[in-house]
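J.: test case, fold it:
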Amino acid sequence: MTGPFVRQHQLRFGAPLPAGGTTLSWRGPAIMGVLNLTPDSFSDGGDLLASGAAVRAGLELRERGALVVDVGGESTRPGAAPVAEAAELKRILPTIESLAAAGVLVSVDTRKPAVARAALQAGARIVNDIGGLQDPAMREVCAAAGAPAVVMHMRGEPRTMQHEPRYEDVVAEVGDFLASAAAEALSAGVPDVLIDPGIGFGKTVEHNLALLRATAALAARGHGLLVGASRKGFLGSLTGTGVARERLGATLAAHLVAARGGAAMLRVHDVEAHRQALVVAAALEAESGRLRPSEPSADEPPPVVSRNDKGGG
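T.: Okay, here's the model as predicted:
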């Protein structure tokens, strides 16, 4: 089988992983679990401000099927104000240290080079930068640590990004930006990148829908594609669901479209629901509606719930 739910993906690191090797490999769309340590996140702000609770939540995300746990200490919801560097570090470092010590593959969600550097020193292995690695200092931090990065597209910055965003061709413009930013990162020594179209970051409802419809085209740009539509406001606009936590059905619909289009990773709040949805989608798309005998059975980790398979550099 060669469909999107069993397609091989990989992410290269510039330093050995705890399990050995410098290449993380998986099949089908992997899950990145969201761990927000902020008092004002758009969907779960304030829930996990205590370090112990955050560590338990991060471990649960991994146990439920997250390949990566994405730890963030600054809200990037529309209209959010920047957070001081010291405050962001205070929120995230104890949790990153504990999760990394427990063997969790941690990404740090930050746009500040100094925060990224400290988080990598604390045990994070991936940098998730909504700024698209446009700051040369961020590229230098990733290159020096041998950390791959998520390069995301955003029009403007969180405080202003939803002020009448305009594009002539949103798919082409976002795709071209991601290709250019990825090339710039790699040329600066960043070992590898995932590209993220930035659903909800400086886009209207129609822009977001166009990007989701174009998942296959974006995934063909030559880099692993990460999609994060989880609980986003445009889903509330479409469904009339004002409470972010109540947008799970809408999130699953959007992410299954992205998965079928070849997304390598999905950034989600509800890991278990996504694990189940991806398992069923994979089974439905397999020959005769079931997985081949050579594929993991329902009693084993399925191909869409990715594991830390290691390979060569």
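J.: dihedrals phi and psi, the nearest residue to residue 197 once chain neighbours are set aside?
T.: Computed as C-beta to C-beta, 6 or more residues apart in numbering, the closest residue to residue 197 that is not its neighbour in sequence is residue 211, at 4.7 Å. The way it works is simple: take the backbone N, C-alpha and C, and place the C-beta from them, glycine included. Dihedral angles of residue 211 (phi, psi; degrees, to the nearest 10) stand at phi -70, psi -40.
J.: could you give the number of residues near residue 211?
T.: Neighbouring residues of residue 211 were enumerated by other C-beta atoms under 10 Å; the total is 24.
J.: how close does it get to residue 30?
T.: According to C-beta to C-beta, to the nearest Å, residue 211 stands 20 Å off from residue 30.
J.: from residue 129, how far out is the closest residue to residue 133 other than its chain neighbours?
T.: Leaving aside its sequence neighbours, residue 133 sits nearest to residue 185 (C-beta to C-beta, 6+ apart; 4.8 Å). Distance, residue 185 to residue 129, using C-beta to C-beta: 9 Å.
J.: common neighbours of the two, please.
T.: Any residue near both residue 185 and residue 129 by C-beta atoms under 8 Å, 6 or more residues apart in numbering counts here, and that gives 149, 151.
J.: the more surrounded of the two?
T.: residue 129 (30 against 26).
J.: report the beta-bridge partners for the more buried one.
T.: For residue 129, the beta-bridge partners are residue 151 (DSSP bridges).
J.: list the buried residues of the host helix or strand of residue 35.
T.: Using DSSP states H and E, residue 35 sits in strand 30-36. Going by neighbour count (16 or more other C-beta atoms under 10 Å), the buried part of strand 30-36 is 30, 31, 32, 33, 34, 35, 36.
J.: distance to residue 202 for the residues you listed - can I get that in a markdown table?
T.: What follows is the buried residues of strand 30-36, written out as a markdown table (distance: C-beta to C-beta, whole Å):
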| residue | distance to residue 202 |
| --- | --- |
| 30 | 26 |
| 31 | 25 |
| 32 | 21 |
| 33 | 24 |
| 34 | 20 |
| 35 | 24 |
| 36 | 20 |
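J.: from those, which shows the smallest pLDDT?
T.: Ranked by pLDDT, these bottom out at residue 36, which has 93.
J.: ok so, going back, hmm, residue 147 and the residue nearest to residue 133 touching each other?
T.: No. Applying C-beta atoms under 8 Å as the test, residue 185 and residue 147 come out as separate, 10.9 Å apart.
J.: circling back to that earlier point, I'd say the residue nearest to residue 197 and residue 172 touch.
T.: No. If you go by C-beta under 8 Å, residue 211 and residue 172 don't touch, sitting 10.9 Å apart.
J.: the chain: helices as residue ranges?
T.: Applying DSSP state H to the chain gives helices spanning 51-64, 85-101, 113-122, 136-145, 170-187, 205-213, 215-219, 233-239, 248-260, 271-285.
J.: what's the mean pLDDT across the first one?
T.: Okay, so that is helix 51-64. On average, helix 51-64 scores 93.
J.: and for stretch 127-134?
T.: Across stretch 127-134, the average pLDDT comes to 96.
J.: got the contact list for it?
T.: For stretch 127-134, the external contacting residues (C-beta under 8 Å, 6+ apart) are 70, 72, 76, 107-111, 116, 119-120, 138-139, 141-142, 147-154, 158, 177-178, 181, 184-185, 190, 193, 198, 201.
J.: stretch 156-175 now?
T.: Here stretch 156-175 has contacts from 75-82, 130, 153-155, 197-198, 201-204, 207, 210-211, 214, 217-218, 221, using C-beta under 8 Å, 6+ apart.
J.: buried subset of those residues?
T.: 75-78, 80, 130, 153-155, 197-198, 201-204, 207, 210-211, 214, 218.
J.: those in strands, which ones?
T.: Using DSSP state E, no member of these sits in strands.
J.: find the centremost residue of the chain, please.
T.: Taking C-alpha atoms, centre = their mean, the centroid of the chain lies closest to residue 267, which sits 3.9 Å from it.
J.: so residue 71 bridges to which residues?
T.: Bridge pairing for residue 71 - DSSP bridges - gives residue 35, residue 108.
J.: how near is it to residue 165?
T.: Distance, residue 71 to residue 165, by C-beta to C-beta: 28 Å.
J.: which one's more surrounded, the two?
T.: Taking other C-beta under 10 Å, residue 71 and residue 165 do not tie; residue 71 has more neighbours (30 against 16).
J.: contacting residues for that one?
T.: Residue 71 is in contact with 35, 37, 54, 58, 92, 95-96, 99, 106-109, 119, 124, counting by C-beta under 8 Å, 6+ apart.
J.: go on, residue 70?
T.: Residue 70 makes contacts with 32, 33, 34, 35, 106, 107, 108, 109, 128, 267, as judged by C-beta under 8 Å, 6+ apart.
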